[in-house]
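Chemist: Okay, sequence plus prediction incoming.
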Amino acid sequence: MKLSVTTTERDDVVVVKVAGEVDVYTAPQLRSALEEQIAAGRTKIVVDLGGVGFLDSTGLGVLVGRLKVLRRLDGWLGVVCTDERILRLFSITGLDQVLPVHDTVKAAVAASGDGLPEPDAAAIRAVRSPTGTL
């Protein structure tokens, strides 16, 4: 299945809307879209997974990798997701402990400016992969 990645801006936050399946074949497209935003100096990013039906460990790796980059830039990365299967994957891997997950884009955008501390680097390194590939 193809992947669709579009971006919009809300205040000083970039919303990256993703639709389709994020897997080993399509994850580079998501990585590229996120890297493009970071290279343009945008350091507050919300990834809206509302249209994603499948996310594998490669997709999780893209999110963790961009989270690390943004943290080094004093940036912020949040996710919008309500799909129980994907939320379960976040929980199994521990990603829900290091990456803010919200029900709506509005909530994620609001959280981007609330000044909550991000987890430390050790917590990010501790994210587990069900396949061992993160």
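Modeler: Structure's in. What do you need? Residues are numbered from 1 along each chain as shown.

Chemist: now the helices for this structure?
Modeler: Assigned by DSSP state H, the chain shows helices spanning 27-39, 57-72, 84-93, 105-111, 121-125.

Chemist: Go through these and pick out the most buried.
Modeler: helix 57-72 (a mean of 20; mean count of other Cβ atoms under 10 Å). (C-beta placed from N, C-alpha, C; glycine too.)

Chemist: got a list of what Thr58 touches?
Modeler: 22-24, 27, 133 (Cβ atoms under 8 Å, 6 or more residues apart in numbering).

Chemist: picking up where we left off before, next, format the helices of the chain as JSON lines and append distance to Leu49 and mean pLDDT.
Modeler: Conversion of the helices of the chain to JSON lines gives the following (distance: least, Cβ to Cβ, whole Å; pLDDT from 0 to 100):
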{"stretch": "helix 27-39", "distance to Leu49": "10", "mean pLDDT": "97"}
{"stretch": "helix 57-72", "distance to Leu49": "9", "mean pLDDT": "96"}
{"stretch": "helix 84-93", "distance to Leu49": "6", "mean pLDDT": "95"}
{"stretch": "helix 105-111", "distance to Leu49": "11", "mean pLDDT": "95"}
{"stretch": "helix 121-125", "distance to Leu49": "19", "mean pLDDT": "48"}
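
Chemist: would TSV of the ones you listed with distance to Lys2 be doable?
Modeler: Formatted as TSV, the helices of the chain follow (distance: least, Cβ to Cβ, whole Å):
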stretch	distance to Lys2
helix 27-39	9
helix 57-72	14
helix 84-93	18
helix 105-111	22
helix 121-125	30
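
Chemist: Gly50 is nearest to which of these?
Modeler: Among these, helix 105-111 comes nearest to Gly50, with 8.1 Å by Cβ to Cβ.
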